[in-house]
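Q: Need the 3D shape of this:
(chains A and B)
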Amino acid sequence: KQEVTQIPAALSVPEGENLVLNCSFTDSAIYNLQWFRQDPGKGLTSLLLIQSSQREQTSGRLNASLDKSSGRSTLYIAASQPGDSATYLCAVGGGNTPLVFGKGTRLSVIA
Amino acid sequence: GAGVSQTPSNKVTEKGKYVELRCDPISGHTALYWYRQSLGQGPEFLIYFQGTGAADDSGLPNDRFFAVRPEGSVSTLKIQRTERGDSAVYLCASSTRGAGEAFFGQGTRLTVV
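A: As a prediction, this is how the structure comes out:
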């Protein structure tokens, strides 16, 4: 059974810092990995999707990497801003099986 | 609409009552998923549709939970004899195919009192 772990559970940084969020998964036979953002009381917003054949994806200040063999992904956020404060969720998909989520990392960026 | 739409956004019901939650996916998306999220937890899978049929319903917690998607578009999650433990945010997502990029709705917050 696929299990997804996200470390740290919570993170507080001053504005402007670069930061890394970590995601690990137990079964490397994944089809893709997706990073989401969730604001309090809201649904999930897709940030980046990495197919299993890819090593990384970039969107603006966000960069996500995938190392399938070691079961790890990282989300790098450059020059953090208070508006980046949210919970970040990692999820892995196995083809025709649904996404399995971690518990998320709650990020606070302090002005 | 442009995104996944879920109604109602909030639902308060009494213990033992029946509730229906609706999901309107992105037009043309064949895959539809229901998840449940409790406070401080990641979304937990409930059921996955490919077209009209349930491809995987292994996440439904018990037989009080049922979902349909009769025409391969809108889906309804039905909960019978609600219990206080059913209180959570119910999220719906759709994608162009199984394992494509998933897009989520804003969720329905269900409170059973």
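
Q: Against A:Gln2, how distant is whichever residue of chain B sits closest to chain A?
A: Taking Cβ to the nearest Cβ, chain A has its nearest neighbour within chain B at B:Gly42, 3.5 Å off. C-beta here means a position set from N, CA and C on the backbone, and glycine is covered the same way. Distance of B:Gly42 to A:Gln2, computed by Cβ to Cβ, to the nearest Å: 12 Å.

Q: Let me see the ranges of the strands in the chain.
A: No chain in the question, so chain A it is. Assigned by DSSP state E, the strands in chain A fall at A:4-7, A:10-14, A:19-25, A:32-38, A:44-51, A:56-59, A:62-67, A:72-77, A:86-93, A:100-101, A:105-110.

Q: Hmm, no, I was thinking of chain B.
A: With DSSP E as the criterion, chain B has strands at B:5-7, B:10-13, B:19-24, B:31-37, B:44-50, B:53-56, B:65-68, B:75-79, B:88-95, B:103-104, B:108-112.

Q: Looking at those, spot the one closest to A:Ala9.
A: A:Ala9 lies closest, by Cβ to Cβ, to one member of the strands of chain B: strand B:31-37, at 15.7 Å.

Q: Each with direction, which strands does that closest one pair with?
A: strand B:44-50 (antiparallel), strand B:88-95 (antiparallel) (DSSP bridges).

Q: how about JSON lines for those, with mean neighbour count, distance to A:Ala91 and mean pLDDT added?
A: Putting the strands paired with strand B:31-37 into JSON lines (neighbours: other Cβ atoms under 10 Å in any protein chain shown; distance: least, Cβ to Cβ, whole Å; pLDDT from 0 to 100) gives the following:
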{"stretch": "strand B:44-50", "mean neighbour count": "21", "distance to A:Ala91": "10", "mean pLDDT": "95"}
{"stretch": "strand B:88-95", "mean neighbour count": "24", "distance to A:Ala91": "10", "mean pLDDT": "95"}
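
Q: okay, the ones you listed in TSV with distance to B:Val113 next?
A: Output for these, formatted as TSV (distance: least, Cβ to Cβ, whole Å):
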stretch	distance to B:Val113
strand B:44-50	22
strand B:88-95	14
